[in-house]
Structures are given as C-alpha cells and as structure tokens.
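In: need the 3D shape of this:
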Amino acid sequence: RRFGAAVQGLFSVQMKIVKYSSFLSPTIEFISSIGVAATLVYAYKAHIEWNVFLSIVLALFISYEPVKKLGAINNDLKRGQSALDRLEVVLNEPLTITDPADPVKVGRLRGDIVFDDVTFAYKFEEPVLTRVSVSIPSGTVCALVGPSGAGKSTLVHLIPRFFDVTSGRILIDGRDVRDTTLASLRSQIGIVTQETVLFNDTVRNNIAYGQPHVSQKQVEEAARAARAHEFIHALPEGYNTMIGERGVRLSGGERQRIAIARAILRNAPILILDEATSSVDTTTERQIQEALVFSCSWPDNDCHCPP
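Out: Model prediction:
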C-alpha cells in the first residue's frame with residue numbers, strides 16, 4: 001500500500017509536468033496570435049503602408065520560434081537542477097582513499113599477502129574485524145569460510161584498498177599496500193564480486209573490458225577456462241551478442257562465468273573470488289576451480305604456482 005501510494009504520487013507529479021509542458025506551446029501560440037491581431041488593427045488604424053506592415057509581421061514570425069524555445073528552457077533548467085543536486089552529493093564527497101605523497105614504484109608482484117594484526121570498523125565503535133593476522137603465500141589458494149555477515153567480503157576488500165584498515169597493516173610481497181598508488185596496486189588484482197558487473201555490450205567486450213588490445217583467441221581461451229565458451233557459442237551472434245544492461249539476457253550462472261572469464265583474461269597475480277560461483281551448479285563450479293588452477297600455466301603468467 002505504501003508503494004502504491006508512492007507510485008501514485010509520482011504519477012501525479014509526472015502528469016503535472018506533462019500538463020504544464022503541453023500547455024506552454026498553445027499558450028505562446030495564443031499570445032502570438034493576439035499580438036498579430038493587435039498589430040493588424042494598429043496597422044489599419046495608423047494607415048501603415050503594406051511594405052512596412054509586412055516587414056513587421058515577418059519579424060514577428062521569425063522571432064516566434066526562439067521565444068517558444070525560451071519558454072521551454074525553464075522546464076529543462078528545473079529538471080537539470082534536480083539532477084545536479086543529486087550529483088553534487090556524490091561529486092563533493094571527500095576522498096578517503098588516496099595515493100601516498102611519495103608512492104613506491106612496483107612491477108609485477110608475486111602475490112604474497114600478509115594481514116598483520118588488522119582491525120577494521122565501518123563505524124569506529126563497531127569493529128567488523130579485530131586483530132586478524134594471516135599469511136597467504138603466492139601460488140596458493142586460501143578459502144574464507146564463515147556465516148553471512150562474518151566479514152569475509154570486508155577482509156578481501158581491504159586488499160585492493162576499497163577501504164583502509166583502522167589499525168594494523170596489509171602487506172603484499174612485504175610492502176604495505178598504502179605505500180603504492182591505487183592504480184598500480186589494483187592492476188595486480190583480479191576480482192569477481194558477489195554482484196556481477198556487466199554492461200549493455202557484446203559478450204566479447206564484457207570479457208575484454210579494459211583490455212582493448214587482447215585478441216579474439218585470448219578472449220575465447222579465457223571463456224573456455226571459465227566454462228563459458230559453450231553457451232556463448234550457442235548465443236544468436238556468439239561473442240558479438242548484446243547481453244543487455246547488467247547482463248539481463250543471461251542467467252545468473254552465465255553472468256558469473258563471463259565475469260570469471262574477464263578475471264582470468266586479466267592474468268593478475270592475485271585473484272579474489274567473492275562467492276563468484278554461487279549461481280552455478282556443483283559440476284561447473286568444480287570445472288571452473290580446476291580451470292583457475294590451470295590458468296596459472298598461461299604464457300607470461302608469473303604467479304609461481306606449484307606444479
């Protein structure tokens with residue numbers, strides 16, 4: 001009932017906008033007609049010559065369209081002001097995660113991750129993580145298991161500095177993540193989150209997002225590794241199929257496999273999967289996990305996986 005009342009209120013406001021917008025054009029035309037009629041009467045009584053009178057009428061008609069557009073500008077300005085008010089809240093939000101004043105240059109990392117006595121709180125008085133210490137060597141797989149709300153996603157989001165630790169530090173290859181630029185740090189990390197992020201574009205462009213230089217062969221290899229090539233090949237236009245906003249034309253499991261293919265193609269030394277296979281069946285999940293281990297043997301991949 002509350003939702004119905006809100007929709008009805010929105011409908012009423014929208015109808016007012018339509019009414020006033022539709023009312024504007026005939027109003028201007030009516031006023032213009034009165035102006036032309038008044039000009040005719042005045043010209044007749046003042047005995048103005050026809051050539052002068054026609055010049056006046058022509059000037060009125062020429063100015064009609066610009067005046068009409070000026071009347072519509074106010075509506076556009078009001079709508080634009082409302083949108084700007086919402087944008088300013090985001091644009092004026094202060095940056096809390098920034099690059100250090102003197103960042104350390106890094107090349108390709110090995111991927112040794114250490115949480116050193118890490119505590120984190122979204123609100124200072126309510127810590128989500130308390131004094132977490134763990135070491136994750138490169139070339140290994142670490143699984144975080146726990147109930148919903150235990151802080152698993154929060155823990156992995158600290159690695160690419162989506163948030164900064166409240167106390168303690170996070171080290172990658174012995175270097176604090178806060179000592180490097182965000183761009184260099186995040187270029188070393190591939191992430192597949194719980195909420196799959198896809199765009200209203202082709203399957204190929206979604207897999208190769210941010211990497212326009214990759215070849216079609218590389219895209220297909222990543223899709224095969226993610227067990228996505230078969231269903232992509234069955235789509236009406238294959239890799240050139242438009243998948244709709246947020247991948248609406250695909251199932252949940254298909255969306256996740258495309259996101260995983262994107263992460264594999266990125267070929268980063270650190271790969272974070274945040275419940276990335278929650279929408280696929282058990283057999284496909286096992287195949288994807290095997291493919292992720294196999295992908296470490298790709299050319300130019302320096303993740304130092306064990307044999």
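In: after the one helix or strand Leu87 maps to comes which helix or strand?
Out: If you go by DSSP states H and E, Leu87 is part of helix 50-91. Next in sequence after helix 50-91, counting helices and strands by DSSP H and E, comes strand 113-123.
In: average pLDDT for that following strand, rounded please.
Out: Averaging pLDDT along strand 113-123 yields 91.
In: same question for stretch 245-252.
Out: Stretch 245-252 shows a mean pLDDT of 85.
In: and it, what's buried?
Out: Gly247, Arg249, Leu250 (16 or more other C-beta atoms under 10 Å). Every C-beta, even on glycine, is put in place using the N, C-alpha and C of the backbone.
In: buried set for the host helix or strand of Ile258?
Out: For Ile258, the element it lies in under DSSP H and E is helix 252-266. Across helix 252-266, burial judged by 16+ other C-beta under 10 Å covers 253-266.
In: helices or strands next to it in the packing?
Out: Here helix 252-266 touches strand 189-192, helix 203-207, helix 216-225, helix 229-233, strand 270-273, helix 282-294, going by 3 or more C-beta pairs under 8 Å, 6 or more residues apart in numbering; DSSP states H and E.
In: report the angle between the third one and helix 252-266.
Out: Looking back up the chat, that one is helix 216-225. Taking axes from the mean of the first three to the mean of the last three C-alpha atoms, to 10 degrees, one finds helix 216-225 and helix 252-266 inclined to each other by 130 degrees.
In: turn the buried residues of helix 252-266 into CSV, including distance to Ile207.
Out: Converted to CSV, the buried residues of helix 252-266 look like this (distance: C-beta to C-beta, whole Å):
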residue, distance to Ile207
Gly253, 16
Glu254, 12
Arg255, 12
Gln256, 13
Arg257, 10
Ile258, 6
Ala259, 9
Ile260, 10
Ala261, 5
Arg262, 5
Ala263, 10
Ile264, 9
Leu265, 6
Arg266, 10
